[in-house]
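In: below are the sequence and a predicted model for it; my questions follow.
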Amino acid sequence: MKKFFVALVLLGALIRTGGFAQPVSGALEISLVYTRQGGFGSNQFAVWITDARGNYVKTLYATRFTASGGYSKRPQSIPTWVEQSGLARMSRAQVDAFTGATPPAGALVYRWDGTDHTGAALPRGEYRVYVEGSLRNETRVLYSASVQWGSPARPVELQPRYFGNDTRARNMISAVKVSFIP
C-alpha cells in the first residue's frame, strides 16, 4: 500500500511539472499588416514555427510562387524559410497544405494550434515564431521571437531585422504581433 501512495505522489508531481506532455487547448496567433508592393522581386513571405533548438515544426503560410519552385528561379526569395523548412524535400501535397496566392493588402492573421507538420500535438514549452518577407530583389525582412506554447502571456510585438540596402519596401510587412489565445 505504501508503494502505491508513493507512485501516486510521483505521478502527481510529474503531471504538475509537465513531466508528461499534456494537450494544450488554444492557439498561437500571429498577426501582421501586409502592404502590397509594386515592382519585381517583392511580395513573397512565409510564417512558420520551429522548436527552441531551431528544428522545423510547421509552416502556417507561404506565398505560392516561392513555395512552388520560385525559390530555384529567385534564390533570394525568403531564403531563411526555404532552408529551415526543408522545402526542396517536401512533396507537392505538403506544399499545397500551406501555400496560397499572395493575399490582398491589409491585416492578416495566422494561427498555430500546437501541432507539427504531420498533425501531431506538441508539448508545452518554448518555440520560435518567424515571419520573413522578400521586400525587393536582395532586400528582405525577418521577424522572430521565442514564445511559450501553452502559457497565456501578453502579446509580443516582434522587431524587424532587415537585410539589403533598398529601403523603399520596408513597410511591406509591419506590426507583427504574437499572442496566445486560450
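Out: Here it is on my side, so go on. Note that this is a predicted model, so its numbers are computed, not measured.
In: report the residue spans of the chain with pLDDT below the cut-off.
Out: Along the chain, the parts satisfying pLDDT under 70 run over 1-24.
In: residue ranges of the helices in it, please?
Out: 2-16, 64-65, 71-73, 79-85, 92-96 (DSSP state H).
In: let me know how buried Lys73 is, in neighbour terms.
Out: Counted by other Cβ atoms under 10 Å, the residues lying close to Lys73 total 9. C-beta here means a position set from N, CA and C on the backbone, and glycine is covered the same way.
In: correction: the previous question concerned Asp51.
Out: The burial metric for Asp51, expressed as a neighbour count using other Cβ under 10 Å, is 16.
In: repeat that for Arg92.
Out: Other residues close to Arg92 by other Cβ under 10 Å number 8.
In: what of Leu135?
Out: Taking other Cβ under 10 Å as the neighbour definition, Leu135 ends up with a count of 26.
In: and what of Pro152?
Out: Here the number of neighbours of Pro152 (other Cβ under 10 Å) works out to 10.
In: next one: phi and psi at it?
Out: Main-chain torsions, Pro152, degrees, to the nearest 10: phi -60, psi 130.
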